[in-house]
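Undergrad: task: produce atomic coordinates for the following.
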Amino acid sequence: QVQLVESGGGLVQAGGSLRLSCAASGRALSMLAMGWFRQGPGKEREFVTTISRSGSTYYEDSVKGRFTIFKDNAKNTVYLQMTSLKAEDTAVYYCTADSFEHMSPLSPRYWGQGTQVTVSS
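TA: Predicted coordinates for the structure are as follows:
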């Protein structure tokens, strides 16, 4: 069973940066496609970004050029570097994973508990 634990959330001013971490256990990161979803207040949960087993990345349009997903297989950890943050980025961010080359952008199998990111304007 894969377990995902996020960290790094918090309060940041608009225009600032924040890095989220997601530590995976139960399976080597090299065998997982990883990603991030988010759910803002009063909004539906939405896909943010994903990185495949082989390292290819894909981003939702609103975060392209501002967010970067990367991973460290040796640490079994995936990261989300967020820059130029906006108030509309405020959300609970969830780390997700699938046991395939590519993660499902709709319903990944594994989810973390989420970490709150609040961007003040």
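Undergrad: and the strands in the chain?
TA: Counting by DSSP state E, the chain has strands at residues 3-7, 10-13, 18-25, 33-39, 46-51, 57-59, 67-72, 77-82, 91-98, 110-111, 115-120.
Undergrad: what's the closest of those strands to S104?
TA: S104 lies closest, by Cβ to Cβ, to one member of the strands of the chain: strand 91-98, at 5.6 Å. C-beta here means a position set from N, CA and C on the backbone, and glycine is covered the same way.
Undergrad: which strands and helices lie in contact with the closest one?
TA: Here strand 91-98 touches strand 3-7, strand 18-25, strand 33-39, strand 110-111, strand 115-120, going by 3 or more Cβ pairs under 8 Å, 6 or more residues apart in numbering; DSSP states H and E.
Undergrad: so what's the residue count around L20?
TA: Residues lying near L20 (other Cβ atoms under 10 Å) number 23.
Undergrad: where's it relative to E101, distance?
TA: L20 is 23 Å from E101, where distance means Cβ to Cβ, to the nearest Å.
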